[in-house]
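Chemist: With the sequence up front, the predicted model follows.
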Amino acid sequence: MLPWKRALRPLAALLLTAAVAVVPATTARADGATATASSGWNDYSCKPSAAHPRPVVLVHGTFANSVDNWLALAPYLKNRGYCVFSLDYGQLPGVPFFHALGPIDKSAEQLSAYVDKVLAATGAAEADLVGHSQGGMMPRYYVKFLGGAAKVNALVGIAPNNHGTTLSGLANLLPYFPGAEDLLSTATPALAQQVAGSEFMTRLNAGGDTVPGVRYTVIATKYDEVVTPYRTQFLNGPDVKNVLIQDLCAVDLSEHALVGLTDRIAFHEVANALDPARATPTTCASAIG
């Protein structure tokens, strides 16, 4: 991809946000739970096995939903014997399909209720969380402020926005466009909260990145054009494993979206993070494993 095209993608995301936030929906909304029920996951009769004793809750990213973000990873994990679930969160009134746009603290409350629902259905004491982009960061709020540490064994973030993003530097231009910051804050709070230096990010990371008792894994790609600089995705603290995909396979060119949607090298690292006792080396060959 040409550099100027890569730089335009985050700007397009900002414009899309403004558009979907002000245009009322004229079509019926898709029910994510209904869609996933026939897609091989969100099976509330699933009981975790001795080999995989915890259910896995998948947490989608910004502009995504409980179905489209996980069409590859959910079957990948289910085929390896996991009970897999996914939720929709951060919905805005009148905006179908594109979720994770509402206030992140409120989204964390939705995640908290959903984890309780999954634990009650499966009988498990703890869950493992796997999230992409905002979905890899938002659970940290749940763990840190909403009692999630007692219910979460592992949190795996794929390209998570853990310390805010500059959107390849474009976020630094917001002050030069009158009203742009106010539009983001009021129309799409989650985008404003994810900008580097925001009040939300400052609170989330105050006092340290991690909470005792939870294992953290971050899987990043150096070609990420959305969460920038990409090394801001990494966490500091005990029980943290930071993984750069290109250290495992130098020819992996996945950027922000693909690393969470289709990258089986990243998926192999997810599986390793969920079951470290049975982890196997991740290489370029993992793409066909």
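Modeler: The structure has been received and is ready for your questions.
Chemist: Do you have the strands of the stretch 151-289 of the chain handy? List them.
Modeler: With DSSP state E, counting those that start in this stretch as the criterion, the stretch 151-289 of the chain has strands at 152-158, 215-220, 240-244.
Chemist: right, so of the ones you listed, which gets closest to residue 76?
Modeler: strand 152-158 (12.4 Å; Cβ to Cβ). In short, each C-beta sits where N, CA and C put it, glycine included.
Chemist: hmm, back to that, possible to save the strands of the stretch 151-289 of the chain as a markdown table with distance to residue 105, mean pLDDT and mean neighbour count?
Modeler: Below are these laid out as a markdown table (distance: least, Cβ to Cβ, whole Å; pLDDT from 0 to 100; neighbours: other Cβ atoms under 10 Å):
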| stretch | distance to residue 105 | mean pLDDT | mean neighbour count |
| --- | --- | --- | --- |
| strand 152-158 | 17 | 98 | 26 |
| strand 215-220 | 20 | 98 | 25 |
| strand 240-244 | 23 | 98 | 17 |
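Chemist: Any chance of JSON lines for those strands, columns distance to residue 109?
Modeler: Putting these into JSON lines (distance: least, Cβ to Cβ, whole Å) gives the following:
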{"stretch": "strand 152-158", "distance to residue 109": "15"}
{"stretch": "strand 215-220", "distance to residue 109": "21"}
{"stretch": "strand 240-244", "distance to residue 109": "25"}
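Chemist: Out of those strands, the one nearest residue 192 is which?
Modeler: strand 152-158 (20.4 Å).
Chemist: Each with direction, which strands does that closest one pair with?
Modeler: strand 127-132 (parallel), strand 215-220 (parallel) (DSSP bridges).
Chemist: Burial check on residue 197, number of neighbours?
Modeler: Number of residues near residue 197 (other Cβ atoms under 10 Å) recorded here: 11.
Chemist: pretty sure it is in contact with residue 166, am I right?
Modeler: No: with contacts counted by Cβ atoms under 8 Å, residue 197 stays clear of residue 166, the gap being 9.2 Å.
Chemist: could you pull out the helices for the stretch 151-289 of the chain?
Modeler: 180-187, 189-193, 199-205, 245-248, 256-261, 264-274 (DSSP state H, counting those that start in this stretch).
Chemist: With mean pLDDT, mean neighbour count and distance to residue 149 added, can I get the ones you listed in a markdown table?
Modeler: A markdown table is the format used below for the helices of the stretch 151-289 of the chain (pLDDT from 0 to 100; neighbours: other Cβ atoms under 10 Å; distance: least, Cβ to Cβ, whole Å):
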| stretch | mean pLDDT | mean neighbour count | distance to residue 149 |
| --- | --- | --- | --- |
| helix 180-187 | 62 | 16 | 29 |
| helix 189-193 | 92 | 24 | 21 |
| helix 199-205 | 98 | 16 | 14 |
| helix 245-248 | 98 | 18 | 28 |
| helix 256-261 | 97 | 22 | 24 |
| helix 264-274 | 98 | 24 | 17 |
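Chemist: of all those, which lies closest to residue 228?
Modeler: So among those, helix 256-261 is nearest, using Cβ to Cβ, at 9.1 Å.
Chemist: So what touches the closest one?
Modeler: 61, 69, 71-73, 132-133, 158-159, 219-221, 223-227, 245, 266 (Cβ atoms under 8 Å, 6 or more residues apart in numbering).
Chemist: Can you tell me which of these are classed as buried?
Modeler: 61, 69, 73, 132-133, 158-159, 219-221, 223-227, 245, 266 (16 or more other Cβ atoms under 10 Å).
Chemist: what about residue 75, which helix or strand?
Modeler: Assessed by DSSP states H and E, residue 75 sits inside helix 73-78.
Chemist: How far away from the center of its chain is that helix?
Modeler: Put simply, helix 73-78 sits 15 Å off its chain's centre (Cα atoms, centre = their mean, to the nearest Å).
Chemist: Give the buried residues for that helix.
Modeler: Applying a neighbour-count criterion of 16+ other Cβ under 10 Å, one finds 73-74, 76-78 buried in helix 73-78.
Chemist: if we look at the sheet, which residues does residue 219 bridge to?
Modeler: Per DSSP bridges, residues listed as beta-bridge partners of residue 219: residue 158, residue 243.
Chemist: dump the residue contacts of residue 142.
Modeler: Applying Cβ under 8 Å, 6+ apart to residue 142 gives the contacts 108, 111-112, 115, 148, 152.
Chemist: Quick check: which element contains it?
Modeler: Per DSSP H and E, residue 142 falls inside helix 134-145.
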